[in-house]
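A.B. asks: how does the following fold in three dimensions:
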Amino acid sequence: MNRVRTRFAPSPTGYLHIGGLRTALYAYLFAKKNDGDFILRVEDTDRERLVGDACEVIYSTLKETGLKYDEGPDVGGEFGPYIQSEREDIYLKYAEELIEKDAAYYCFCTKERLADLRKEKEAKKEAFSYDKHCLNLSKEQIEKNLSDGVPYVIRQNIPKEGETTYKDAVYGEVTVPNEDLDDNVLLKSDGMPTYNLANVVDDYLMGITHVIRGVEYLSSTPKYNLIYEALGWRIPEYIHLPPVMKDKNQKLSKRHGDASYKDFIDKGYLKEAIINYIALLGWSGKGNQEVYSFEELTKAFDLEGLSKSPAIFDIEKLTWMNAQYIRNYSKEEFIKKAMPYFVMVGAEKFDLVMIAEIMQPRLERMTEIPEKLTFLNEMPDYDLELYYHKRMKTDSDMALSVLEPCLDLLEKQEDFTKDGLHDPIMGLVEKLEVKTGQVLWPLRVAITGTLVTPGGAFEAAHLLGREETLRRLKISIDKLKKR
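C.D. replies: Sure, this is the predicted structure:
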């Protein structure tokens, strides 16, 4: 068998969508599992939908997620250019060759005629398909139109009889009646190819052996195979992937604003967790393993694990998986990953080891960090209602009754570590003959001014230190007395 070569061929129309990233991941994993090559090709022939920096987003996302391509626009390779708009002359050559072989033809129909044809089809409640009007133009008429500069496109000439069959690695044998296939445009009036021509030409010239793409191309693949056959080219192996759904009825869609890779990164998800999770959207390994390292995915991935069924994107499952990755970091790794979030709220100057010990087992997303640590640098002007806790049976009156003896105790306390504070405070609880929460809840509110902290009262006092804890406690007691 020829060396395996797969490709990811996105359109630069915005951020890299989760469905697109999954396609890229599977193409990468299949190539590397078989010691092959993974190629990036940018399909930018739809000029009206281009987004300025989308190519850079594609390049940086693939590299950031570990999907390092062997050939591509920004790394080169012997089969370039790898941007379709830079290959315009190549497509014209093969479009004209298809005309010579009666597999395509010039079409000079005006927009007005096509619009009338579409209305006619709609009136009959029929799906639009071109009526082959220009197929039987005489050679002389075609030459005259060309010499007169009449605008034209080149359409594929698909037979209306019989059927076309091919084999897909996931869906098995696929048969489509030729009458269901339209004579689509291969080359547009501006000289740019459509996907129907460009993907075939580029896949062949770049030596792509396995085409991995979404199931939406399953029924149109016979059109591409007719082009391969007309040009005498070897047809690649096809691996069509089930759709990624937002729910049972709706497909995830970039056009409808559904999440991109960057969106999830901005929401505090880790790239490792994102890649791991999307690998499981349509594929499962042997056994019950769900959490895979990137290296484990590369070794485990196989076509047998691909499913025909749509995969529903479950944000709760992604969040659970993200939490597993956070928990599995060493303390040093966690602090390094969390540092940008610490810096956001000035927490980098506090006891980061203590913060890691408190937060790491509880976090689901990294963006939760700043909210839980804002109290460290500034005591908010909080509402006294925070002292109310139905289950603990605490309120402002109860708070004042326990906080004043707490202040007396803590002013004599030298050891302000978490462990050093535990026994004295618990002794106070026993002395006051109240429940533990009736001291710890008011104390935490009094020194943090918030309900959102990485730990309880002991951890907060440890992080703030003796001087700041006492200062805040005095302010809170004074606030309660003035209510």
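A.B. asks: for stretch 88-105, buried residues please.
C.D. replies: 88, 90-91, 94-95, 98-99, 103-105 (16 or more other Cβ atoms under 10 Å). Quick note: C-beta positions are derived from backbone N, CA and C, even for glycine.
A.B. asks: residue 415 touches residue 421, doesn't it?
C.D. replies: Yes: the pair residue 415 / residue 421 is scored as a contact, 7.3 Å apart, by Cβ atoms under 8 Å.
A.B. asks: so for the two, which sits in the more crowded spot?
C.D. replies: The neighbour comparison of residue 415 against residue 421 (other Cβ atoms under 10 Å) goes to residue 421, with 22 against 13.
A.B. asks: and residue 320, what is it in contact with?
C.D. replies: Listed by Cβ atoms under 8 Å, 6 or more residues apart in numbering, the contact set of residue 320 reads residue 364.
A.B. asks: can we start the residue count at 335 from this point?
C.D. replies: Sounds good: first residue 335 from here, last item residue 654.
A.B. asks: what's the separation between it and residue 521?
C.D. replies: 49 Å (Cβ to Cβ, to the nearest Å).
A.B. asks: same check, this time on residue 493
C.D. replies: In terms of Cβ to Cβ, residue 493 sits 20 Å off from residue 521.
A.B. asks: just the endpoints, please. Distance across stretch 716-735?
C.D. replies: 19 Å (Cα to Cα, to the nearest Å).
A.B. asks: just the buried residues of stretch 422-439: which are in strands?
C.D. replies: 438-439 (DSSP state E).
A.B. asks: re the thing from before, neighbour count winner among residue 493 and residue 521?
C.D. replies: Looking at residue 493 and residue 521 with other Cβ under 10 Å, you find the greater number of neighbours at residue 521, namely 28 against 12.
A.B. asks: check contacts around that one.
C.D. replies: Applying Cβ under 8 Å, 6+ apart, the residues near residue 521 are 425-426, 429, 487-488, 527-528, 531.
A.B. asks: got a list of what residue 379 touches?
C.D. replies: By Cβ under 8 Å, 6+ apart, residue 379 lies in contact with 418-419, 526-529, 532.
A.B. asks: need the buried ones from those selected in ChimeraX.
C.D. replies: Per 16+ other Cβ under 10 Å, the buried members of the contacts of residue 379 correspond to this ChimeraX selection:
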select :418,526,527,528,529,532
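A.B. asks: list just the nearest of the contacts of residue 379 to residue 465.
C.D. replies: residue 528 (18.9 Å; Cβ to Cβ).
A.B. asks: can you show me the helices along the stretch 585-734 of the chain?
C.D. replies: For the stretch 585-734 of the chain, the helices defined by DSSP state H, counting those that start in this stretch cover 595-600, 605-613, 628-634, 649-662, 665-678, 686-693, 702-707, 730-745.
A.B. asks: pLDDT weak spots in the stretch 435-584 of the chain?
C.D. replies: For the stretch 435-584 of the chain, no stretch has pLDDT under 70.
A.B. asks: run a quick neighbour tally on residue 514.
C.D. replies: 15.
A.B. asks: what's the closest non-adjacent residue to it?
C.D. replies: residue 553 (7.6 Å; Cβ to Cβ, 6 or more residues apart in numbering).
A.B. asks: and residue 487, backbone torsions?
C.D. replies: phi -120, psi 170 (degrees, to the nearest 10).
A.B. asks: find the nearest non-adjacent residue to it, please.
C.D. replies: residue 519 (4.7 Å).
A.B. asks: what about that neighbour, distance to residue 530?
C.D. replies: In terms of Cβ to Cβ, residue 519 sits 7 Å off from residue 530.
A.B. asks: mutual contacts of the two, please.
C.D. replies: The contact lists of residue 519 and residue 530 share residue 490, where a contact means Cβ under 8 Å, 6+ apart.
A.B. asks: please save the CA atoms from stretch 616-636 in CSV.
C.D. replies: Provided in CSV are the C-alpha atoms of stretch 616-636 (Å, rounded to 0.1, in the frame of the first residue of the first chain):
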residue,chain,number,x,y,z
GLY,A,616,-17.8,9.5,17.2
TRP,A,617,-14.9,7.1,18.3
SER,A,618,-14.4,4.8,21.2
GLY,A,619,-11.3,2.7,22.0
LYS,A,620,-11.3,-0.8,23.2
GLY,A,621,-12.3,-1.2,26.9
ASN,A,622,-13.8,1.5,29.1
GLN,A,623,-10.9,4.0,29.0
GLU,A,624,-12.1,7.7,28.6
VAL,A,625,-9.1,9.8,29.6
TYR,A,626,-6.3,9.5,27.1
SER,A,627,-3.0,11.3,26.8
PHE,A,628,-2.2,12.6,23.3
GLU,A,629,0.3,9.8,22.9
GLU,A,630,-2.3,7.2,24.0
LEU,A,631,-4.8,8.5,21.5
THR,A,632,-2.3,8.2,18.7
LYS,A,633,-1.6,4.5,19.6
ALA,A,634,-5.2,3.6,20.3
PHE,A,635,-7.0,5.2,17.3
ASP,A,636,-8.4,2.9,14.7
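A.B. asks: that one - what's its average pLDDT?
C.D. replies: Stretch 616-636 comes out with an average pLDDT of 94.
A.B. asks: how distant is that stretch from the center of its chain?
C.D. replies: Put simply, stretch 616-636 sits 18 Å off its chain's centre (Cα atoms, centre = their mean, to the nearest Å).
A.B. asks: list the buried residues of it.
C.D. replies: In stretch 616-636, counting by 16+ other Cβ under 10 Å, buried: 616-617, 619, 626, 628, 631-632, 634-635.
A.B. asks: next: stretch 395-406.
C.D. replies: For stretch 395-406, the neighbour count (16+ other Cβ under 10 Å) marks 395-396, 399, 401, 403, 405-406 as buried.
A.B. asks: now swap in stretch 762-775 and tell me
C.D. replies: Result for stretch 762-775 [16+ other Cβ under 10 Å]: buried residues 762-763, 768, 771-775.
A.B. asks: what's the closest of the residues you listed to residue 601?
C.D. replies: residue 775 (30.5 Å).
A.B. asks: and that closest one, what is it in contact with?
C.D. replies: By Cβ under 8 Å, 6+ apart, the contact list for residue 775 reads 721, 723, 726, 728, 791.
A.B. asks: pLDDT-wise, what's the bottom of those?
C.D. replies: residue 726 (80).
A.B. asks: how close does that residue sit to residue 359?
C.D. replies: Residue 726 is 48 Å from residue 359, by Cβ to Cβ.
A.B. asks: neighbour count: the two, which is higher?
C.D. replies: Neighbour totals were compared for residue 726 and residue 359, and residue 359 leads with 26 against 18 (other Cβ under 10 Å).
A.B. asks: got a list of what the more buried one touches?
C.D. replies: Neighbour list for residue 359: 399, 401, 609, 612-613 [criterion: Cβ under 8 Å, 6+ apart].
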